[in-house]
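Chemist: turn this into a model:
(one chain, ligands or ions: 2)
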Amino acid sequence: MRKRRVSTGTFISFEGIDGSGKSTQARMLADHLRSKGHEVVLTREPGGSPGAEEIRALVLQGDPDRWSAETELLLFTAARRDHMERLILPALAQGKIVICDRFADSTRMYQGLSRGDLRGTVDALHTLMIGREPDLTLLIDMDPEQGLARAKGRQGSEERFEDFGTELQTKMRAGFLALAQEFNSRFRVIDGARNIEAVATDVTNAAQTHLARKTDASASLSE
Ligand code: ADP
Ligand code: TYD
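Modeler: Ligands and ions are numbered 1, 2, ... in the order given. Take a look at the predicted model:
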């Protein structure tokens, strides 16, 4: 059979508690992969498309009690749907690597866990409206006290979830580790409580291992 390149891209997400270093590592991975010649789209949630960025402002600014848990879930899902339609799916169809700073696992944790148990509703809505998981999820795991100290060091008006404090972030950390077991084929857990370069080395290795496996799989398909 003639060799044929598989043209679907690779979808990588970063997850973890606030301040764990996701944005830093997502940026560094994007730079690294670009330096190796890959086409990379670096994006984030909530946001990543003009409409979703507008929704970001609605959910992250203002009074924390502005929305019920269910309304908040609908807003995050609406933002994700727009982001998928306008940025993520077109980029993947063009064979690009999409790196997303948070994705649906954040909704499973923050909306699914933080204000009662909405996990079933989160998953049902995800199946109905999103229907796609990342190919690889890098969980930057670390102690919440350390993460909060880092997150508080940043300036800005988007403090809603950071304001939940250490107790919630501890629950989130445990929840993320449980998700990593639930979806163990796509998750890699990375120790984030080290210097930036050490964390970045593990991130790069995990991404490169995934990309190499994918290349091997597509080569054997086309033989
Ligand atoms: P997140 O996106 O997970 O909230 P950021 O990447 O924005 O985290 O990092 C939060 C803060 O901590 C930033 O000021 C960043 O420069 C700093 N930071 C990130 N990674 C590390 C690290 N490994 N060690 C020390 N500080 C870090
Ligand atoms: P982000 O800007 O990534 O925060 P940080 O850099 O502090 O990690 O995300 C903003 C907040 O939005 C964060 O506290 C988590 C929350 N969030 C949800 O509650 N649900 C979601 O689906 C997503 C994507 C984020």
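Chemist: for I190, what are its contacts?
Modeler: Neighbour list for I190: L138, L139, I140, D141, V199, D202, V203, A206 [criterion: C-beta atoms under 8 Å, 6 or more residues apart in numbering]. All C-beta spots, glycine's among them, are computed from the backbone N, C-alpha and C.
Chemist: could those go into TSV alongside distance to T24 and neighbour count?
Modeler: Output for those, formatted as TSV (distance: C-beta to C-beta, whole Å; neighbours: other C-beta atoms under 10 Å):
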residue	distance to T24	neighbour count
L138	12	28
L139	15	22
I140	9	26
D141	15	19
V199	8	22
D202	13	18
V203	10	24
A206	16	19
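Chemist: mind checking which of these are in helices?
Modeler: V199, D202, V203, A206 (DSSP state H).
Chemist: gap between the two ends of stretch 88-96?
Modeler: End-to-end span of stretch 88-96 (C-alpha to C-alpha, to the nearest Å): 9 Å.
Chemist: so for that stretch, what gets flagged as buried?
Modeler: Buried residues in stretch 88-96, counting neighbours by 16 or more other C-beta atoms under 10 Å, are found at I88, A91, L92, K96.
Chemist: who touches that stretch?
Modeler: Taking C-beta under 8 Å, 6+ apart as the rule, stretch 88-96 contacts 5, 7-11, 38-41, 43, 48, 98, 100, 132.
Chemist: just the buried subset of those residues, written out for ChimeraX, thanks.
Modeler: Selection of the buried residues among the contacts of stretch 88-96 in ChimeraX, burial being defined by 16+ other C-beta under 10 Å:
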select :9,10,11,38,40,41,43,48,98,100
